[in-house]
Every structure is written in structure tokens, then in C-alpha cells.
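Colleague: take a look and give me a structure for this.
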Amino acid sequence: MTDLFSLQGRVALVTGGSRGIGRMIAAGFLGQGAKVYITARKAEACEATARELSAIGPCIALPADVSTVEACTALAVEIGKREPALDILVNNAGAAWGEPFDTFPEKGWDKVVDLNMKTPFFLTQALHAQLKAAGARRPAKVINIASIDGISVNPWETYSYAASKAGLIHLTRRMALRLAQDNIVVSGIAPGPFASEMNKQARDHADEVAQRVPVGRIGGDDDMAGAAIFLASRAGDYVVGETLVVDGGVTLAR
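Modeller: Numbering: from 1, shown residues only. Below you'll find the model as predicted:
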């Protein structure tokens, strides 16, 4: 039981790992002994975060824009050059778009759905061989970062974001059934209010947002790291296709 939550000797890739929820997860994995690769679209930010997190454990920057199938394939090739097997993949990179119904544009659908729903599928597909290789030893993990906005409706006009996250939650179930046969366990996390670039309201107005959270605060780094460590570690081996809601009770109170 002492190593139930250990990630010692495990290799992880966290997309969108330079800031926000991705950084929280990367730091948590490092603290539990994993070797972590992080990606981000902006190379400078990705490399700066990797340098900072290297104070905890081995963190390597692989700057990449994973919004296309070609980019997902290229990233998988880069990982393959460095690691024969990949134990943990966190599909965290995402985008949002808010605009009134009457003017909501097609590009607000394409950008968001491509990154939030297509990328997790195609990056997992591209890394299937490395994940399967890890699964030959012990369960490999894929963790898709969804949102509570894919479960209950928020007050903002973020049509494509809500739809893409709801789709990702169901995609997680479908992927889980297929990949279980390769000893790859697929699950998800649906975060509530955490301070991030994606959730500027929680970042810039934490006290105000906290008033709408049943536990009276926004999520902290350890809250997100703890959920991800649970799913990535031996402790989460039997959690298949489920999306863990980490929101301080927001979804129940909406």
C-alpha cells in the first residue's frame, strides 16, 4: 500500500503543460517520481516551465502545436525517439470560444472542436504503440481533461466548448472499451473553477467565484494534482472510462 500512488519509474506526457491545469498535473507527477514531458504551442513558455519544474524532477520540454493530425503524428515520433514506451498520456491542451449565438462563427467551432475533441483521439492513436508497450508491463494510462461544462450548462455562450467537452467525456468511454484490451486504461477529469488562462474568472476574481462554490474556494494545485495522480497511479487501475468531477461541488449546485 505504501506505493499505491507512486509514479516512480513512469514516463508521462502532458499536453498544454506549460501553465494552468497542465502545469499542476505535471508538477504532481514529478513529485511522485515520474519523468515528465510537457508540450505547449509557445516554445519559450514551454521551455521556461520545464526548467522551473526540473527542480522537482526530470521535466523535458517538447514545444508543439497539437491541433492537427500531422502535428500529433510528429509529436509521437519525437517521443518515440526518446522513449520506447509511454506510461501516461494526459490530453490537456484545449481551447475555448465565447460569442453570442447570432454571431458565433464557424472558426469558433473548428478551432475548439479540433483541439478539444479530435486531438485527444488522434494523439492517443499516434502514441498507441508506445502506450501498448508500457501496458505490456503494467497498465498504461490515458487521462482526458474535460470540463464540468460538458456535464452541466454554464451561463456563458461557449457553444463549441461545452459541446466539445461533452463529446470528450463520451469519447473517453468509447476509447476506454477499445484500449482496455491493450492494458491501456482511459479515464478523464472534469475540472471546475481552477485559476488558469482558460478560466480567467477564477484566476482574476477568485474570491467572487468562490462564493458560488459549495466548499467556499476555487481549486488549488494539489486538488488537480491529486486527482491526476490517483488516476495515473496503481490506485486508479480499475477506474475505466469514467470522468472524475473535481469541482468543489459546483456541478451539483448549478
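
Colleague: thought Ala26 was touching Gly17?
Modeller: Yes: with contacts counted by C-beta atoms under 8 Å, Ala26 reaches Gly17, the gap being 4.6 Å. (C-beta placed from N, C-alpha, C; glycine too.)

Colleague: mutual contacts of those two, please.
Modeller: 36, 38, 49 (C-beta atoms under 8 Å, 6 or more residues apart in numbering).

Colleague: got a list of what the residue most central in space within the chain touches?
Modeller: Residue closest to the average C-alpha location in the chain (C-alpha atoms, centre = their mean): Asn92, at 2.7 Å. By C-beta under 8 Å, 6+ apart, the residues touching Asn92 are 14-17, 21-22, 25, 145.

Colleague: got phi/psi on the closest residue to Pro191 other than its chain neighbours?
Modeller: Nearest residue to Pro191, sequence neighbours excluded (C-beta to C-beta, 6 or more residues apart in numbering): Val246, at 5.4 Å. Per-residue torsions, Val246: phi -130, psi 90 (degrees, to the nearest 10).

Colleague: need the per-residue pLDDT for Val246.
Modeller: Val246 carries a pLDDT score of 98 in this model.

Colleague: distance of it from Glu70?
Modeller: According to C-beta to C-beta, to the nearest Å, Val246 and Glu70 sit 32 Å apart.

Colleague: could you do Val142 as well?
Modeller: From Val142 across to Glu70, the span is 21 Å (C-beta to C-beta).

Colleague: now stretch 116-131: mean pLDDT?
Modeller: 98.

Colleague: return the subset of the shared contacts of Ala26 and Gly17 lying in helices.
Modeller: Of these, the ones assigned to helices by DSSP state H are Thr49.

Colleague: wait, which of the shared contacts of Ala26 and Gly17 is closest to Ala85?
Modeller: Checking those against Ala85 with C-beta to C-beta, the nearest one is Val36 at 14.7 Å.

Colleague: wait, isn't the closest one in contact with Leu62?
Modeller: No: applying C-beta under 8 Å, one finds Val36 not in contact with Leu62, separated by 10.6 Å.
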